[in-house]
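Asks: Generate a structure from the sequence data that follows.
(chains A and B)
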Amino acid sequence: AQTVTQSQPEMSVQEAETVTLSCTYDTSESDYYLFWYKQPPSRQMILVIRQEAYKQQNATENRFSVNFQKAAKSFSLKISDSQLGDAAMYFCAKGEYGNKLVFGAGTILRVKS
Amino acid sequence: SQTIHQWPATLVQPVGSPLSLECTVEGTSNPNLYWYRQAAGRGLQLLFYSIGIGQISSEVPQNLSASRPQDRQFILSSKKLLLSDSGFYLCAWSTPKFSVGNEKLFFGSGTQLSVL
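Replies: Now for the predicted structure:
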């Protein structure tokens, strides 16, 4: 079975600082997609960023960027200039055939003021 | 614009009672539809997905079932709830793609189910 592993159950970051959330995955496919979703206390799942595996360039969305290492099967999320509103559970996910995403267990991010 | 509606927001049910959670999507046609469950403090587990009316795929054998009676309606059901069915249930949709999963999911607001 395809798996997605988030090894950090919880992370903390000081407001305005940078934090990196880790994600590794298992795959035998050459073409796939990777995602980071955010789940704030409202529990609404929100897409943060998406990476296409065939693209070498790392995806960036404002303060959010990824470090995609295809050979290492690693997909980390970097949040720059952390804000209080970034506090949430973050899920890494991998896209499989037919849009079936496989999610990691999540990382709780706490932002300290 | 597309919207997804999921209800109820919270539900408390006794063990052995039936369940029906409904999800509808507006503003799009022939979406892929999904039911996920999130146990307390854990990640999302895909329960069912559907690529069309009456077409349901089950990912995990369990006490639940799903149906898609209309193009944009997805229902999660159970005849007799178990304690282990408690959790946060999320409905989601995506545009239909039939190759590698490359489209983002749009999630509903979720249903917190407590089975007592």
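Asks: hey, let's count contacts and neighbours off CA atoms from now on
Replies: Fine.
Asks: what residues does chain A put near chain B?
Replies: Applying Cα under 8 Å from any Cα of the partner chain, one finds that chain A approaches chain B through A:31-33, A:43-47, A:52, A:91, A:95-106.
Asks: hmm, try it at 10 Å
Replies: Taking Cα under 10 Å from any Cα of the partner chain as the contact definition, chain A meets chain B at A:6, A:9, A:29, A:31-35, A:37, A:42-47, A:49-53, A:89-108.
Asks: Residue B:16 is in contact with residue B:84, isn't it?
Replies: No: checked against Cα atoms under 10 Å, the pair residue B:16 and residue B:84 is beyond contact range at 11.6 Å.
Asks: Overlap in contacts, these two.
Replies: B:115, B:116 (Cα atoms under 10 Å, 6 or more residues apart in numbering or on different chains).
Asks: Work out which residue lies at the spatial centre of chain A.
Replies: residue A:36 (3.4 Å; Cα atoms, centre = their mean).
Asks: Next up, the contacts around it.
Replies: Residue A:36 neighbours (Cα under 10 Å, 6+ apart): A:21, A:23, A:46-51, A:64, A:66, A:75-77, A:90-94, A:103-104, A:106.
Asks: distance of residue A:87 from residue A:112?
Replies: Residue A:87 sits 9 Å away from residue A:112, going by Cα to Cα, to the nearest Å.
Asks: Now do residue A:78 against residue A:89, distance only.
Replies: Residue A:78 is 14 Å from residue A:89, by Cα to Cα.
Asks: who has more neighbours, the two?
Replies: More neighbours surround residue A:89 than the other of residue A:78 and residue A:89, with 24 against 18 (other Cα atoms under 10 Å in any protein chain shown).
Asks: low-scoring stretches of chain B, by residue?
Replies: B:41, B:61, B:97-103 (pLDDT under 70).
Asks: let's go with 90 and repeat that
Replies: B:1-2, B:28-30, B:32, B:39-46, B:49, B:51-52, B:57-63, B:94-106 (pLDDT under 90).
Asks: how far out from the middle of the chain is the helix or strand bottoming out on mean pLDDT in chain A?
Replies: Every helix and strand of chain A was ranked by mean pLDDT, DSSP states H and E. The lowest is strand A:101-103, at a mean of 86. Strand A:101-103 has its C-alpha centroid displaced from the chain centroid by 12 Å (Cα atoms, centre = their mean, to the nearest Å).
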